[in-house]
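Engineer: here is my input; please provide its structure:
(3 chains)
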Amino acid sequence: MLEGTADIIVIGGGMVGAAAAYGLAGKGLDVLMLDEGDDAFRAARGNFGLVWVQTKGFGLQRYQEWSQESADLYTGFAEELEDLTGIDIHHERPGGAILCLGDGEWEAQRRLNDAMADQGGGYHARMVERAELERMAPDVRFGQEVVGASFSEKDGHCGPLYLLRALHAGFRARGGRYRPGARVRSIRRGFRVETDAGAFEAPKLLLAAGNGIPPLAAQVGLNVPTVPERGQVLVTERVERFMPMPMGNLRQTAEGTVMIGATQESVGFDTGTTLEAARGLAQRAIRALPALERLRLVRSWAALRVIPPDRCPIYDESESHPGAFVATMHSGVTLAAVHAARLPDWIAEGRAPDGFEAFSARRFDVPAAA
Amino acid sequence: MSVDLVIVGAGPAGMAAAVEAAEHGLSVTVLDDQPEPGGQIYRGIERAGPELTAILGEEYEAGRELAADFRSARIDYLPNSAVWRLDAGARIAFSREGSASTVSARRVLIATGAMERPMPIPGAERPGVMGAGAAQVLLKASGLVPAGRIVLAGSGPLLLLVGCQLLDAGAEVAAVLETTAGGDYLDAAPTLPRALAGWRDLARGVAMKRRLRRAGVAFRSGVRGLAATGQSVRFDGGEIACDLLLLHEGVVPQTHLSRQAGLAHRWRPEQRHWAPVADALGRTAEETLLVAGDAGGIAGARAASLSGRVAARLAAGVDPGRLIAALDRERAMRPLLDRLFRPHTALPADEALVCRCESVTAGDIRQAVRDGAMGPNQLKAFARVGMGPCQGRMCGLAAAEVIASERGLPVEEVGSFRIRPPVKPVTLGELASMEGEAADAEAL
Amino acid sequence: MFRRLPERKASVTIEIDGEPVSTAPGDSVAAAMLAAGIAVFRHAPVDGGLRGPWCAMGVCFECLVEIDGEPNRQACMTPVREGLRVARRTDGSEPGR
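Structural biologist: The predicted structure follows:
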């Protein structure tokens, strides 16, 4: 039974879908965002919250530029969301550091930074010695092994759950319609989207359902070869603010909790947590910041990242089913600002950002040697 | 370390199971978060003097022998142990005296008991408002008696019992505000046939009510619109000044550990709570995991110790025999009690704090539902409900009830929080210095 | 706010916010504080409101205090010991350094 129609259907109410839907609704389009229920995988709910530029896009310069563009848009984006919804997403851009434990990590990080700088313009990360790092973070006592860090002033962070909520609230404030409990079963030409909550029709659709995309993409002639990658995260009790900036996989939230991430595990769709991972995360965190030793762990979780073969985003429109778009990647938080700002032109008006073809899924059809 | 049976909890179920299992030759480790055995029902039993036992009565005194048997059993009893992870492979992680370790077992008995159902009325989080069970715990464990005027509000047998015990301890009980409609079921009880299962409890209820009335305690039933101000309790049509407000809406199983271990849970509509899915003997879908006592569904201390002994015999590969019939008799009283003391659980008013840790009100939850949160797990993401140190223990049931009423669905369809370890806080230092494998962690 | 049954004799001295308090063996820190007339244990970190124990059995995490320099300990789950030091925190947070 036909439940409803729209100008465009966004499949997925996570970070990517909600940002795009928010932007599309801002164009005055009638947008319907379909989402699953309470127990969906939801990478957006397990997010770490970095708005991160350094080291992004090694091997795909367009991704580095795209990340920079989003990070540059973020302050205004956060203000816009707060004005519209009253929700403070706690965005800050104090810069970010990737701590190097030992000379080996320092060398590897330095080489990566050099390679990133060689790859294209505008790369800002630089290596800072321990003494300079200590000046940047006067309230932090670093572990003995910390020899320094890679620092970029372009990096920052936000509260990902506040962001998700603000995107949803902003989407609704702009007249968008949200339909949870509507897991998509099939997509037919036209497009007719069959869901648990009935069928919906629209001339355009955006696949933004994270790890749920691959089987749906195949129904509209797109090959989206992403795989899930498990990340386990620990979070401590609240403490007074002592970290002036996010430090890679260590981040103090606006609430004062310290988040400690994250593993990278290929375990299919298993979202369980393991004692071994928790132990490893705690050990590294304490080596970096010994004072964390005293803090209580109050929660841990695992979520599934969405990982394309080269770990870079995929944006594409189906050739066989024009009007069917896909947007999928791991960096839904960092890229939320640029998704809200730039994807609507591409999807609604066919005006793709310059160089956007670099993100086509067709890059995976070409033999690796080419 | 590996043993035959690890028992989590040293209340009636855990103690009885430990004694029984040791008698059948099993190696037993008991982990309990309290400093001494007894659980909440027999809290402080080993130290209770004649003054206290005179107040608490023979049902409390019954725990003394069990605790003594427990102390003399050949078991490894580790008090002050906070269990924070249970894997279905029967490995347990726990913290004790500032260090964390693991213990493996052929079987694990979950005997984590019950907790009071949180009663989120406006102002319930203020100092001067407590659970009625909490007042009883303070009396049992420390001989503390509230000074000043006390009002008890809510429903359930414990509400009356605590009122009587506080009277006997010399406290000033000003009023009992019953949220159950009518409230005269106990007055009618003597006319019921004595053969009825549960008659004994019913008669006790009648006696308790009479005792309170004779002592001049004001009674009101069908009370609505409860709110605590800190100096008084308000309700529709009245306000009573008090120094301490004790709230109670019955007790519910503590399910964090059984949920974290991955066991399926079933909604029990008659008691309005979740309990792990297990058979009458406490066997779950995981061969390694057993459940006994109120952790498996509220049935009281006598049923708890029987179910602990049954589980211990199963773990030892011994036929539970006549214990099963005794357990069945004990449980047969529940249906009547459940009907009589069916939890009222009025939906919280908009201004009531449901999630105390993150200060989220029922109104906030209703708004999140209107914003598209379909269940407790989306509610976490939308409103931070359940993300604080209590890990959803205080808000889980009420939040689900609010979502269910907003969506017009039964609670069982709304679901519950996904519970992840650690189910009790553990320091990063304890975690990091545990023995065993540690997975690699990346800088970014 | 609470008094003690005569059979419970106080024989342990702890320190609460710098003041010596005599308490009974077997008490939890929460019981000792309540017996000493302390109803407010902390300020809630989010809304700043006053909070005290609700459950007395380790469930509600409302009785968090600093014990022997360690923040956010559950007062109701910590047995008293001669010389134990309790500090109430009223700003709802603890230094992370």
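Engineer: would you mind listing what in chain C touches chain B?
Structural biologist: C:1-8, C:24, C:26-28, C:31-32, C:34-35, C:39-41, C:44, C:46-47, C:49-62, C:64, C:72, C:77, C:79 (Cβ under 8 Å from any Cβ of the partner chain). Bear in mind the C-beta positions are built from the backbone N, C-alpha and C, glycine included.
Engineer: just the ones of those in strands?
Structural biologist: Judged by DSSP state E, those include C:2-4, C:50-51, C:64, C:72 as members of strands.
Engineer: closest one of those to residue B:49?
Structural biologist: Using Cβ to Cβ, residue C:4 is the member of those that sits closest to residue B:49, with 12.0 Å.
Engineer: tell me the pLDDT at the residue lying closest to that closest one once chain neighbours are set aside?
Structural biologist: Excluding the flanking residues, the one nearest residue C:4 by Cβ to Cβ, 6 or more residues apart in numbering or on different chains is residue B:143, at 5.3 Å. For residue B:143, the model assigns a pLDDT of 97.
Engineer: can you give me the buried ones in stretch A:32-47?
Structural biologist: Residues A:32-38, A:40-47 are the ones in stretch A:32-47 that count as buried (16 or more other Cβ atoms under 10 Å in any protein chain shown).
Engineer: ok, the residue of chain B found nearest chain A - contacts?
Structural biologist: Closest to chain A within chain B is residue B:375: 2.9 Å, counting by Cβ to the nearest Cβ. Listed by Cβ atoms under 8 Å, 6 or more residues apart in numbering or on different chains, the contact set of residue B:375 reads A:37-39, B:400, B:403, B:414-415.
Engineer: hmm, try it at 7 Å
Structural biologist: When the contact criterion is Cβ atoms under 7 Å, 6 or more residues apart in numbering or on different chains, the partners of residue B:375 are A:37-38, B:403, B:414-415.
Engineer: again with residue A:125
Structural biologist: So residue A:125 contacts A:54, A:113, A:150-152 (Cβ under 7 Å, 6+ apart).
Engineer: let's see that with 8 Å instead.
Structural biologist: A:53-55, A:113, A:116, A:150-152.
Engineer: so can I have JSON lines of the ones in strands among the residues of chain C next to chain B showing neighbour count?
Structural biologist: Formatted as JSON lines, those follow (neighbours: other Cβ atoms under 10 Å in any protein chain shown):
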{"residue": "C:2", "neighbour count": "23"}
{"residue": "C:3", "neighbour count": "16"}
{"residue": "C:4", "neighbour count": "18"}
{"residue": "C:50", "neighbour count": "16"}
{"residue": "C:51", "neighbour count": "24"}
{"residue": "C:64", "neighbour count": "25"}
{"residue": "C:72", "neighbour count": "24"}
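Engineer: ok, those residues vs chain A, which is closest?
Structural biologist: The closest of those, once distances to chain A are taken by Cβ to the nearest Cβ, is residue C:72, at 5.4 Å.
Engineer: ok, back up a step: inside helices: which ones of the residues of chain C next to chain B?
Structural biologist: Applying DSSP state H to these, the entries found in helices are C:31-32, C:34-35.
Engineer: distance-wise, check the spatially closest residue to residue B:246 that is not a sequence neighbour relative to chain C.
Structural biologist: Nearest residue to residue B:246 in three dimensions, chain neighbours excluded: residue B:132, at 4.1 Å (Cβ to Cβ, 6+ apart). Counting by Cβ to the nearest Cβ, to the nearest Å, the separation of residue B:132 from chain C is 11 Å.
Engineer: what's stretch A:343-356 in contact with?
Structural biologist: Applying Cβ under 8 Å, 6+ apart, the set of residues contacting stretch A:343-356 is A:8, A:19-20, A:23-24, A:26-27, A:29, A:62, A:65-66, A:204, A:206, A:315, A:325, A:327, A:342.
Engineer: quick check: end-to-end length of it?
Structural biologist: Taking Cα to Cα, to the nearest Å, stretch A:343-356 runs 11 Å from one end to the other.
Engineer: correct me, but residue A:109 touches residue A:98?
Structural biologist: Yes. Using Cβ atoms under 8 Å, residue A:109 is in contact with residue A:98, at 6.2 Å.
Engineer: and for those two, which residues touch both?
Structural biologist: Shared contacts of residue A:109 and residue A:98 (Cβ under 8 Å, 6+ apart): A:150, B:443.
Engineer: now for residue A:102: which residues touch it?
Structural biologist: A:145, A:147.
Engineer: got a pLDDT number for it?
Structural biologist: 97.
Engineer: in terms of helices and strands, where is residue B:377?
Structural biologist: helix B:376-383 (DSSP states H and E).
Engineer: how far does that helix sit from its chain's centre?
Structural biologist: Chain-centre distance of helix B:376-383: 24 Å, with Cα atoms, centre = their mean, to the nearest Å.
Engineer: residues in contact with the helix or strand following that helix: which ones?
Structural biologist: Next helix or strand after helix B:376-383 toward the C-terminus (DSSP H and E): helix B:396-407. Contact partners of helix B:396-407, identified using Cβ under 8 Å, 6+ apart, comprise B:117-118, B:120, B:252, B:272-274, B:345, B:347-348, B:354-355, B:362, B:365-366, B:369-370, B:373-376, B:379, B:385-386, B:392, B:410-411, B:413-417.
Engineer: quick check: buried residues in helix B:396-407?
Structural biologist: Buried residues in helix B:396-407, counted by 16+ other Cβ under 10 Å: B:396-404, B:406.
Engineer: pipe these into a markdown table and attach pLDDT per row.
Structural biologist: Shown next, in a markdown table, are these (pLDDT from 0 to 100):
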| residue | pLDDT |
| --- | --- |
| B:396 | 96 |
| B:397 | 95 |
| B:398 | 95 |
| B:399 | 96 |
| B:400 | 96 |
| B:401 | 95 |
| B:402 | 97 |
| B:403 | 96 |
| B:404 | 96 |
| B:406 | 96 |
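Engineer: now, which of those sits nearest residue A:214?
Structural biologist: residue B:403 (31.5 Å).
Engineer: coming back round to it: so who does the residue nearest to residue B:246 touch?
Structural biologist: So residue B:132 contacts B:116, B:152, B:154, B:158-159, B:162, B:246-248 (Cβ under 8 Å, 6+ apart).
Engineer: among these, which are in strands?
Structural biologist: If you go by DSSP E, these have B:116, B:152, B:154, B:246-248 in strands.
Engineer: tell me the one among the residues you listed nearest to chain C.
Structural biologist: residue B:116 (6.5 Å).
Engineer: quickly list what the closest one is bridged to.
Structural biologist: Listed by DSSP bridges, the beta-bridge partners for residue B:116 are residue B:251.
Engineer: need the residues of the stretch 201-350 of chain B near chain C, please.
Structural biologist: Counting by Cβ under 8 Å from any Cβ, the residues of the stretch 201-350 of chain B near chain C are B:243-244, B:254.
Engineer: scratch that, the stretch 101-250 of chain A
Structural biologist: A:139-141, A:237-243.
Engineer: show me the strands in the stretch 301-444 of chain B, by range?
Structural biologist: Remark: strands assigned in the stretch 301-444 of chain B by DSSP state E, counting those that start in this stretch are B:353-355, B:360-361, B:426-427.
Engineer: give me the sheet partners of the longest one and which way each runs.
Structural biologist: Strands adjacent to strand B:353-355 in the sheet, as given by DSSP bridges, are strand B:360-361 (antiparallel).
Engineer: show residues contacting the partner strand.
Structural biologist: Residues contacting strand B:360-361 (Cβ under 8 Å, 6+ apart): B:350-354, B:383-385, B:395.
Engineer: what mean pLDDT does that strand have?
Structural biologist: 98.
Engineer: from the middle of its chain, how far away would it be?
Structural biologist: Centroid displacement of strand B:360-361 relative to its chain, using Cα atoms, centre = their mean, is 23 Å.
Engineer: helix, strand, or coil at residue A:47?
Structural biologist: Here residue A:47 is recorded as coil under DSSP: H, G, I helix; E, B strand; the rest coil.
Engineer: right, I'll leave it there.
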